[in-house]
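A.B. asks: next come a sequence and a model predicted from it.
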Amino acid sequence: MPRTHPHSIHGGRHELGQNFLTHRPTIGRIIHLVDRTTGSILELGAGDGALTRPLARLGRPLTAIDIDEHRIRRLRPALPGVRLEIADATRHPLTTDVVVGNVPYHLTTPILRRLLSHGSWRDAVLLTQWEVARKRAGVGGGTLMTAQSAPWFSFSLEGRVPAWGFSPRPSVDGGLLTIARRDAPLVAVGERRAYEAFVRSVFQAGGSGLPGVVARACRIDRRRAQRALAAVGANGCRLPRDLQPSHWAGLWDRVGRG
């Protein structure tokens, strides 16, 4: 089982939103998930190297970044084969095959938005707040962000991490989330901006029942909306959050483009 670095007991810096992972089963799970992927790796937030060290043992090209220059300088002598950089996770290029990291809670949304709109990466393994991981994976219903990106990415919830598994201890549990870029997008990449606007209009539209919501958002009559929902297999859905990625893509084909 991978070991955490001795300095991890001191925890991260509060002003940088650092909560270092010390939960060994989760470290092992993250390495296992990354090991199932292929290609180069970018770690967001190296900290004291609790993930960086076992990631380096995978023997793949690895870049690890952290905004804390002291942590990076401390890691460099111990990991000469790793490209260690002082960098901001909200700005660093996302050009590796795999992105992995214990995401600072206060930066979760901007980092997720950037991941879903930038770079050429194929797989991501991220540790976020538990509720964020659940929502992105569609547990209990999809969200606007997930629905807008689902034609190009698939999301999976891989586990819950207790708050005591971090140092310092945060106020909420963590959640392990994986994101994979689809080999065959459900909607053409060139239509992404228009598709996102369509999804937003459905989530924001009023109306009685899902057919009424779709009718209002697309400015079509209710019968046409009902036929479209039936055609894509979404008859049992009551709200936009109940729609699956295939439903959204089908609705876009039938009533969204217009």
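C.D. replies: Thanks, I have the structure now. The shown structure was predicted, so the numbers you read here are calculated from the model rather than taken from an experiment.

A.B. asks: please make it C-alpha for all contacts and neighbour counts, starting now.
C.D. replies: Noted.

A.B. asks: burial measure for S120, as a count.
C.D. replies: Here the count is done by other CA atoms under 10 Å, and S120 has 15 residues near it.

A.B. asks: list the contacts for it?
C.D. replies: Applying CA atoms under 8 Å, 6 or more residues apart in numbering to S120 gives the contacts L94, T95, T96, D97.

A.B. asks: can you give me how far stretch 40-50 is from the chain middle?
C.D. replies: A distance of 16 Å separates the C-alpha centroid of stretch 40-50 from that of its chain, computed with CA atoms, centre = their mean, to the nearest Å.

A.B. asks: actually, stretch 205-213.
C.D. replies: Worked out by CA atoms, centre = their mean, stretch 205-213 lies 29 Å from the chain centre.

A.B. asks: just the buried residues of it, please?
C.D. replies: For stretch 205-213, a neighbour-count test (16 or more other CA atoms under 10 Å) marks A205, L210, P211, G212, V213 as buried.

A.B. asks: ranges for the helices of the chain?
C.D. replies: Using DSSP state H, the helices found in the chain span residues 24-35, 52-56, 69-75, 108-115, 130-136, 144-149, 192-204, 209-218, 222-231, 245-251.

A.B. asks: how about CSV for those helices, with mean pLDDT and distance to V172 added?
C.D. replies: Listed next are the helices of the chain as CSV, based on pLDDT from 0 to 100; distance: least, CA to CA, whole Å:
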stretch, mean pLDDT, distance to V172
helix 24-35, 98, 16
helix 52-56, 98, 24
helix 69-75, 96, 25
helix 108-115, 95, 14
helix 130-136, 95, 7
helix 144-149, 95, 22
helix 192-204, 97, 28
helix 209-218, 96, 34
helix 222-231, 97, 38
helix 245-251, 97, 29
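
A.B. asks: can you put these in TSV and add distance to A180?
C.D. replies: Putting these into TSV (distance: least, CA to CA, whole Å) gives the following:
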stretch	distance to A180
helix 24-35	12
helix 52-56	19
helix 69-75	28
helix 108-115	11
helix 130-136	12
helix 144-149	11
helix 192-204	17
helix 209-218	28
helix 222-231	27
helix 245-251	14
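
A.B. asks: nearest to A89, out of these?
C.D. replies: Nearest to A89 among those is helix 108-115 (7.2 Å), distances taken as CA to CA.

A.B. asks: so for that closest one, what gets flagged as buried?
C.D. replies: Neighbour-count burial for helix 108-115, with 16+ other CA under 10 Å as criterion, is recorded at T108, I111, L112, L115.

A.B. asks: and if you look at stretch 21-35?
C.D. replies: L21, T22, H23, T26, I27, G28, R29, I30, I31, V34.

A.B. asks: residues contacting the residue lying closest to the last one once chain neighbours are set aside?
C.D. replies: When the adjacent residues along the chain are set aside, V34 lies closest to V125, with 7.0 Å between them (CA to CA, 6 or more residues apart in numbering). V125 makes contacts with I30, L33, V34, V98, V99, V100, G101, L176, L177, T178, I179, as judged by CA under 8 Å, 6+ apart.

A.B. asks: same list (the residues you listed) but as a markdown table, adding distance to G59.
C.D. replies: Output for those, formatted as a markdown table (distance: CA to CA, whole Å):
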| residue | distance to G59 |
| --- | --- |
| I30 | 16 |
| L33 | 15 |
| V34 | 12 |
| V98 | 14 |
| V99 | 16 |
| V100 | 15 |
| G101 | 18 |
| L176 | 23 |
| L177 | 23 |
| T178 | 21 |
| I179 | 22 |
